[in-house]
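**Q** Turn this into a model:
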Amino acid sequence: MIDKLKVAIVGAGIGEEHLQKGFAPAADLFAVTTICDVDHARATAMAARHGIDDVVTSFDDLLERGDIDVIDICTPSKLHFAQTIAALEAGKHVICEKPLVSSLREMDALEETAAAARGLLMPIFQYRFGAGVQKARLIIDSGLAGKPYFGSAETFWRREKDYYANSWRGRWSGEMGGVLVTHAIHIHDLFTHLMGPVDCLFGRIATRVNAIEVDDCASACLQMKSGALASLSATLGSQDQISRIRLMFENVTIESGHVPYAPGREPWTFIPRNDEIGDAINAALADFPSRADGFEYQVRGFHAAIADGAALPVTLADARRSIELASAFYHSARLREDVCLPLGKDHPVYDGWVPAWATKSAAE
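**A** Predicted coordinates:
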């Protein structure tokens, strides 16, 4: 058994949620020793709230330190790729928030670096580990659900001017996208986690709610590899905030809870085709274990991968699927045509979905 892993959290925004919901409940395995943020006052305030003494403002300084085992990257999206590469090359274990990268080219480069690295890399998709989605996965994997017919995923949230007061939000050069990659990416990951891979997609994006560069409304029609049909929809202009997945199978209809920021958690509803199927589902779920979920479950799994060689709870293949879906979505919306997956190196969107003018502007 290895000692507690020492963690530096980089980014005092969502990073605090990682600490509160992940590392603190798993304090038997991890010790968060360092908070890093370019805003020293913000980092100091977060550190003080959690009794942490070490505060730094330079990410590069962390790379040379032998007293840090894990770097948890919770910075603006535009920084994820470069910081993850640097941390892996420095021999650190790395956790990184979504989106991991902004192109399949970067994804390939990251996979190559990770394969040669001493440390492990884990993308964050914590919603997968809610009890509700885990029960749904159990029913599907057992064969009880039967043939998939149709599914839908809805991200109906609200974001207004105050949310975009932060200079990097709402910009291609900062967030690398809008509702698709900043908000709906989690529920789309859950959807494909349960319904399997996408075959073809026809998508639309729009900016209707806020005066921003990126999308804040999106919709798509999908055909899954299984033959099932699906719809994805998202907006940041809903008056009431909900996240919802509804899956129609041969033997059961599965619907998530509607809590906006916890779609993986219970209660999930399972509507059986008949009493016999209902009894089989109840029997399958009767011994479902009570356990940690969300961030805590994911970071505990990360520790097991490091300490015991267990499989990573979320892999680069999982992250690649989400990046490929976003790539296809943006490309379809701009060209107004079907896009079929997988996307190869010769595909026009392999180098990324961020518009060329935004990339050029950021460089200047």
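**Q** Name the spans of the stretch 101-250 of the chain whose pLDDT lies under the cut-off.
**A** Within the stretch 101-250 of the chain, no stretch has pLDDT under 70.
**Q** all strands for it, in order.
**A** Using DSSP state E, counting those that start in this stretch, the strands of the stretch 101-250 of the chain run over 121-123, 148-158, 198-206, 217-224, 229-235, 237-249.
**Q** ok, and what's touching the shortest one?
**A** Looking back up the chat, that one is strand 121-123. By C-beta atoms under 8 Å, 6 or more residues apart in numbering, the surrounding residues in contact with strand 121-123 are 84, 88, 93-96, 98, 100, 110, 114, 298, 302, 305, 312-316, 318-319. C-beta coordinates here come from the backbone N, C-alpha and C atoms, glycine included.
**Q** tell me the mean pLDDT over stretch 8-22?
**A** pLDDT averaged over stretch 8-22 equals 97, rounded to a whole number.
**Q** Now do that stretch: distance from first to last residue.
**A** For stretch 8-22, the separation between the terminal residues is 13 Å (C-alpha to C-alpha, to the nearest Å).
**Q** Give me the buried positions along that stretch.
**A** Residues of stretch 8-22 classed as buried: Ala8, Ile9, Val10, Gly11, Ala12, Gly13, Gly15, Glu16, His18, Leu19, Lys21, Gly22 (neighbour count, 16 or more other C-beta atoms under 10 Å).
**Q** Just the closest of those residues to Thr269, please.
**A** Relative to Thr269, the closest of the buried residues of stretch 8-22 is Lys21; by C-beta to C-beta it sits at 24.8 Å.
**Q** Give me the nearest residue to that closest one, chain neighbours excluded.
**A** In space, not counting the residues next to it along the chain, Lys21 is nearest to Phe295; the distance is 4.2 Å by C-beta to C-beta, 6 or more residues apart in numbering.
**Q** Kindly provide the distance from the closest residue to Ala228 other than its chain neighbours to Val10.
**A** Of all residues beyond its chain neighbours, the one nearest Ala228 is Pro148 (4.0 Å), with distances taken as C-beta to C-beta, 6+ apart. From Pro148 over to Val10 the distance is 39 Å, taken as C-beta to C-beta, to the nearest Å.
**Q** Please apply the same query to Ser327.
**A** Counting by C-beta to C-beta, the gap from Ser327 to Val10 is 26 Å.
**Q** rewinding a little: wouldn't the residue nearest to Lys21 be in contact with Phe125 here?
**A** No. No contact is recorded between Phe295 and Phe125 when judged using C-beta atoms under 8 Å, the distance being 10.4 Å.
**Q** What strand or helix carries the residue nearest to Lys21?
**A** Take DSSP states H and E as the rule and Phe295 turns out to sit in helix 294-308.
**Q** Does anything pack onto the helix or strand following that helix? Which helices or strands?
**A** As assigned by DSSP H and E, the chain's next helix or strand after helix 294-308 is helix 316-335. Using 3 or more C-beta pairs under 8 Å, 6 or more residues apart in numbering; DSSP states H and E, the elements in contact with helix 316-335 are helix 104-116, strand 121-123, helix 185-195, strand 198-206, strand 217-224, strand 339-340.
**Q** can I get those in a markdown table with distance to Ile35 and mean neighbour count?
**A** Conversion of these to a markdown table gives the following (distance: least, C-beta to C-beta, whole Å; neighbours: other C-beta atoms under 10 Å):
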| stretch | distance to Ile35 | mean neighbour count |
| --- | --- | --- |
| helix 104-116 | 25 | 16 |
| strand 121-123 | 20 | 27 |
| helix 185-195 | 24 | 22 |
| strand 198-206 | 35 | 19 |
| strand 217-224 | 34 | 20 |
| strand 339-340 | 41 | 18 |
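**Q** Let me know which of those is the nearest to Glu154.
**A** Distance to Glu154, taken as C-beta to C-beta, is lowest for helix 185-195 among the helices and strands packed on helix 316-335, at 7.7 Å.
**Q** quick one: the closest one to strand 237-249, angle?
**A** Helix 185-195 and strand 237-249 are oriented at 10 degrees to each other (axes from the mean of the first three to the mean of the last three C-alpha atoms, to 10 degrees).
**Q** and helix 185-195 with strand 198-206, angle?
**A** Inter-element angle recorded for helix 185-195 and strand 198-206: 160 degrees (by the same axes, to 10 degrees).
**Q** For helix 185-195, which outside residues touch it?
**A** The contact list for helix 185-195, computed with C-beta under 8 Å, 6+ apart, reads 98-99, 125, 127-128, 133, 136-137, 140, 148, 151, 153-155, 180, 198, 224, 226, 228, 230, 232, 243, 245, 247, 254, 256, 263-264, 318, 321-322, 325-326.
**Q** In three-state terms, label Arg291 for me.
**A** coil (DSSP: H, G, I helix; E, B strand; the rest coil).
**Q** ok, back up a step: how about the helix holding Phe295: buried residues?
**A** Buried residues in helix 294-308, defined by neighbour count with 16+ other C-beta under 10 Å: Gly294, Phe295, Glu296, Tyr297, Gln298, Val299, Arg300, Gly301, Phe302, His303, Ala305, Ile306.
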